[in-house]
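Engineer: no sequence on this one, just coordinates:
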């Protein structure tokens, strides 16, 4: 807590500006000649169709978290209003809760992922950089400066630790969500009173599943799990929206989405009459920190599956398509949770923070027309949680095993699959680290750890944005290189 407070006091502005600048850079690349560059060279072709590409990004990037927070974050903000105006008016409180939830889960985080993906893919596949984080962050001319050379391995190690830590924390949160689902299925209550050894069983089950998927490679295990996870999630979305339609108002969606668009910049920079002065730090800054710790993984994995697409396809497709899906999900789950709380108090009079992971399960129980159908839908939901959880972990394992192995890269060809021994090594390390975090602390501890992990990386991320942004600016004057042979070796 003290470390987080220190970070918030001195560096909160860095996090807020990085989120906004990432979104601006995405738009700039899209309209610049730089967007015409085809990743992997002019003759490269995408290996995955649009649906499979988006499904893998969606499942790896936020699948489990979407299920956890889709109803939970808007509900928590409606119960604890964000602004002074929200305190005085429940309708304003609900609209602000939804608008800020949209912001935290749509354009900004996907832009943060997208910049990392674009930089990794372009500098590795088109410029011949090594598949290391220092190779992605810094151009060749900097690497020739003698006094800077000792710092590059340190930068790689720093980002690698952020990568591993961010994935492990999200792994642990996903395991908690999986346990809550099982608890609701078999006991009708959440898993807050389960013994700690239940964490071991949840992590072990998922470890076995994601290692099997990772060893199957991107084309088989990872892609197939993504397809099933996204298809089932779409079906669940329509089922919830249709069965619970009486709790929704399309006008609420239009007004809250409009509020996000019209107030995007002031909301991004935490400008508002907040009920608590620390609210932006406790929510927006902490959320941006979470996405930043996940960005090295999404950059590496996104690059591996985006080869053959233009930079414009990547920055627009990766930012806008998932954002559209998330804003609909958060509206349906968010408004439904708020209305159910105000009309039926479906989670008690004042549900606390530790109850938030089970919001989606309580929604399903409340709107289901009968107990038998509820059990079926609940089982499917738990299955989706498991699929997304496993998919994030297997994608991370595959990406970590690929990291730094230049022998897997061949000009003009798809990268080879990483060694199985490296996949076992990294997959096991993630499981052990996630289990250790679960045993040490709960959800609040994990979220505080995220900020600590993100702080050093935010500065490295700024350097990466600067490099990519300068190449986009220069593309108006000179055609950017599309093949390693075209890169100047100065």
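Structural biologist: Noted; the coordinates are in hand. Predicted model, so just to flag it, every value in this text is computed and none were measured.

Engineer: residue 136 should be in a helix, yeah?
Structural biologist: Yes. Assessed with DSSP: H, G, I helix; E, B strand; the rest coil, residue 136 lies in a helix.

Engineer: next one: it, what pLDDT does it get?
Structural biologist: With respect to pLDDT, residue 136 has a value of 84.

Engineer: do the same with residue 270
Structural biologist: pLDDT, read off for residue 270, is 92.

Engineer: that one: how many residues sit nearby?
Structural biologist: Residues near residue 270, counting by other Cβ atoms under 10 Å, number 17. Where C-beta positions appear, they are placed from N, C-alpha and C, glycine not excepted.

Engineer: what's the helix or strand for the closest residue to it other than its chain neighbours?
Structural biologist: Once flanking residues are discounted, residue 270 sits nearest to residue 280: 3.4 Å by Cβ to Cβ, 6 or more residues apart in numbering. According to DSSP states H and E, residue 280 maps onto helix 279-280.

Engineer: any chance of the backbone angles for residue 274?
Structural biologist: Per-residue torsions, residue 274: phi -70, psi 140 (degrees, to the nearest 10).

Engineer: do the same with residue 57
Structural biologist: Torsion angles, degrees, to the nearest 10, at residue 57: phi -60, psi -50.

Engineer: okay, it and residue 325: tell me how far apart.
Structural biologist: 11 Å (Cβ to Cβ, to the nearest Å).

Engineer: quick one: which of these two has more around it?
Structural biologist: residue 57 (28 against 19).

Engineer: so the more buried one touches residue 304, yeah?
Structural biologist: No. The pair residue 57 / residue 304 is not scored as a contact, 11.1 Å apart, by Cβ atoms under 8 Å.

Engineer: pull out the buried residues from the host helix or strand of residue 164.
Structural biologist: Following DSSP H and E, the helix or strand that holds residue 164 is helix 151-187. The neighbour-count check on helix 151-187 (16 or more other Cβ atoms under 10 Å) flags 152, 155-156, 158-160, 162-184 as buried.

Engineer: which other helices and strands contact the next helix-or-strand element following that helix?
Structural biologist: Note on helix 151-187: by DSSP H and E, the next helix or strand toward the C-terminus is helix 197-215. Secondary-structure packing of helix 197-215 (3 or more Cβ pairs under 8 Å, 6 or more residues apart in numbering; DSSP states H and E): helix 151-187, helix 371-402, helix 420-440.

Engineer: make TSV out of those helices and add mean pLDDT and distance to residue 348.
Structural biologist: Formatted as TSV, the helices and strands packed on helix 197-215 follow (pLDDT from 0 to 100; distance: least, Cβ to Cβ, whole Å):
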stretch	mean pLDDT	distance to residue 348
helix 151-187	81	15
helix 371-402	86	19
helix 420-440	86	25
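
Engineer: out of those helices, nearest to residue 43?
Structural biologist: helix 371-402 (22.7 Å; Cβ to Cβ).

Engineer: helices or strands up against that closest one?
Structural biologist: When contacts are defined as 3+ Cβ pairs under 8 Å, 6+ apart, helix 371-402 packs onto helix 50-69, helix 151-187, helix 197-215, helix 223-243, helix 286-306, helix 359-367, helix 420-440.
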